[in-house]
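Peer 1: Mind looking at a prediction? Sequence and model below.
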Amino acid sequence: MDRIGSYVTMLGNTPAILISSSGRKRFGQKLEHSLESAGMEPRFTEFGGECSHEEIDRQVAALKHLSIDCLIAVGGGKCIDACKCIAARLQIPVVNCPTLASTDAPCSAVSVIYTASGRFKDVEFFSSNPALVVIDTEVIARAPLRYLLAGMADTLATGYEATTCFNNSNARSMLGGKITLAAAAIAKLSTDTIYNHATKAIESVKCSSVNQSLEHIVEANTLLSGIGFESGGLAAAHAIATALTTIPHVDENFLHGEMVALGLLTQLVLESNTAEYDRVSELFIQLGLPITFSQLSLSLDNTSDLEQIANVACSLDFMANEPFSINPEKISNAMLEVERLGRNPA
Ligand SMILES: [Zn+2]
C-alpha cells in the first residue's frame, strides 16, 4: 500500500479513492502519502457500505464532473464490487486494493448488486477485468482471521467446481464458454494451495506477521480463485451458497465463504464423492470452518427454509453444470445428509 502511487501512475494522474470512513481512518494517510509522492492529488469519496444501485448512482453523480481518470477501491468485497460498477459507468479503469482476503471478487469482471437493505438483487458483468489489484499482505496479516478462513473455503471450492465443469462437456463458465485446460489447472492450483498452506498462513495471522504461506494463500484467494471461478465455472457449491443468502438471518450473520463451505460439502455428497467429502470436512474441522448447517444458525427441521434453499439452488445456472439431472428433493436430501455426517464426524 505504501507503493500504490507508483503503480497507479501507469493509469493516470487524477485518481479517486472509494473507501469507508473507518477505512479512511486506518489507511487514509498512507494512501495520501503514497499517491502524493507520485505527484498525484487523490480525492476521497466515502463508500456508504452497500453495493446497491442507489449507492452506485450517488457516487457516479458525485464523481462524473471531477474528471478523475481511475477509481481505487480500498476495502472489502462490497466496496470493490461497487467500485467496478461506478468505474464502468464513468468509463475509467479500476484499481482494487482489498483490505481482506475473504473473497475472490477483486480480480473478476463481475459484481454482485444488493438492494439498499442488503438483499441480493442481481449480478453485473463488465467488458474488462480490473486494471490493477494491489494487496498489502501486512494489512491481511492484521485483519481478523475469520475473513481469511472464509476466503480459503471459497478458494477450496474453486478447484472442485471447475473439475466438475471441466469433466462435463455441457458445463459452461461464467461467460458461457467451455472450460479450458488453463482455467482448470489454475482452479486446481487454488485448491491445492489451500491444502498445502492453510495451516501455516493461519499461524502467520495469529502473530500478525507475513510468512510465505500467507503470501501464497492471498494469491490463491484473490488471483487464482478469481480466474478459477470466472473461467473454470461454478457448480453446486455456489448454487447452495447463493441460495443460503435468501435466508435473512444466515445472510446477515455469515460470510460468503462460510456459506460456500456448506455448499461444497453438499456438492460432494450430491456427487457421491465420499473420499473428497472426508478430506474437505477434515480440513474444515482443523481450520475452524463450519461443517453443519446448524453452525450457520440454520435448522433443517424448518422445512420451509430447507425447501426454499433447495428450490432456489435448483433454479440457478451453476447447478446445471453438475453432470446429472437435479431436482429440489435431491438437493434437500443431500443437505440433510451433510447435516447428519457433520454431527457425527468419523
Ligand atoms: Zn465465491
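Peer 2: Structure's in. What do you need? Residues are numbered from 1 along each chain as shown.
Peer 1: What residues of the lowest-mean-pLDDT helix or strand in the chain count as buried?
Peer 2: None of the helices or strands of the chain scores lower by mean pLDDT, DSSP states H and E than strand 120-125, at a mean of 88. Using 16 or more other Cβ atoms under 10 Å as the test for burial, strand 120-125 gives residue 124. Where you see a C-beta, it was placed from the backbone N, CA and C, and this is true even at glycine.
Peer 1: can you check stretch 335-346 too?
Peer 2: Those would be 335, 336, 338, 339, 341, 342, for stretch 335-346 by 16+ other Cβ under 10 Å.
Peer 1: Just after the least confident helix or strand of the chain, pick out the following helix or strand.
Peer 2: strand 132-133 (DSSP states H and E).
Peer 1: Each with direction, which strands does that following strand pair with?
Peer 2: strand 94-98 (parallel) (DSSP bridges).
Peer 1: Counting neighbours, which bits of the partner strand end up buried?
Peer 2: So, applying 16+ other Cβ under 10 Å, buried residues of strand 94-98: 94, 95, 96, 97, 98.
Peer 1: pLDDT (mean, whole number) over it?
Peer 2: Mean pLDDT, computed over strand 94-98, is 97.
Peer 1: where along the protein do the strands fall?
Peer 2: Applying DSSP state E to the chain gives strands spanning 15-19, 43-46, 70-75, 94-98, 110-114, 120-125, 132-133.
Peer 1: one step back: angle of the least confident helix or strand of the chain against strand 110-114?
Peer 2: 160 degrees (axes from the mean of the first three to the mean of the last three Cα atoms, to 10 degrees).
Peer 1: for strand 120-125, packing partners?
Peer 2: helix 77-90, strand 110-114 (3 or more Cβ pairs under 8 Å, 6 or more residues apart in numbering; DSSP states H and E).
Peer 1: export it as CSV, just CAs?
Peer 2: C-alpha atoms of strand 120-125 as CSV (Å, rounded to 0.1, in the frame of the first residue of the first chain):
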residue,chain,number,x,y,z
PHE,A,120,-29.3,-10.0,-3.2
LYS,A,121,-30.5,-8.2,-6.3
ASP,A,122,-28.5,-9.1,-9.4
VAL,A,123,-25.1,-9.7,-11.0
GLU,A,124,-23.4,-7.3,-13.3
PHE,A,125,-20.7,-8.3,-15.8
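Peer 1: Closest one of the buried residues of stretch 335-346 to residue 140?
Peer 2: residue 342 (28.8 Å; Cβ to Cβ).
Peer 1: What angle do helix 77-90 and the least confident helix or strand of the chain make with each other?
Peer 2: Going by the same axes, to 10 degrees, strand 120-125 makes 50 degrees with helix 77-90.
Peer 1: Pairing partners for strand 120-125, with directions?
Peer 2: Going by DSSP bridges, the partners of strand 120-125 are strand 110-114 (antiparallel).
Peer 1: Contacts for the strand it pairs with, please.
Peer 2: 50-53, 56, 78, 81-82, 84-85, 105, 120-126, 174, 230 (Cβ atoms under 8 Å, 6 or more residues apart in numbering).
Peer 1: of those residues, buried ones?
Peer 2: Buried among the contacts of strand 110-114 by 16+ other Cβ under 10 Å: 50-53, 56, 78, 81-82, 84-85, 105, 124, 174, 230.
Peer 1: can I see the domain layout of the chain?
Peer 2: Domain assignment for the chain, taken from automatic domain parsing, gives 4-135, 142-343.
Peer 1: Throw the helices and strands packed on strand 120-125 into a markdown table and include distance to residue 155, thanks.
Peer 2: Shown next, in a markdown table, are the helices and strands packed on strand 120-125 (distance: least, Cβ to Cβ, whole Å):
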| stretch | distance to residue 155 |
| --- | --- |
| helix 77-90 | 14 |
| strand 110-114 | 16 |
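Peer 1: In TSV: these, plus distance to residue 145 and mean pLDDT.
Peer 2: Output for the helices and strands packed on strand 120-125, formatted as TSV (distance: least, Cβ to Cβ, whole Å; pLDDT from 0 to 100):
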stretch	distance to residue 145	mean pLDDT
helix 77-90	17	96
strand 110-114	24	93
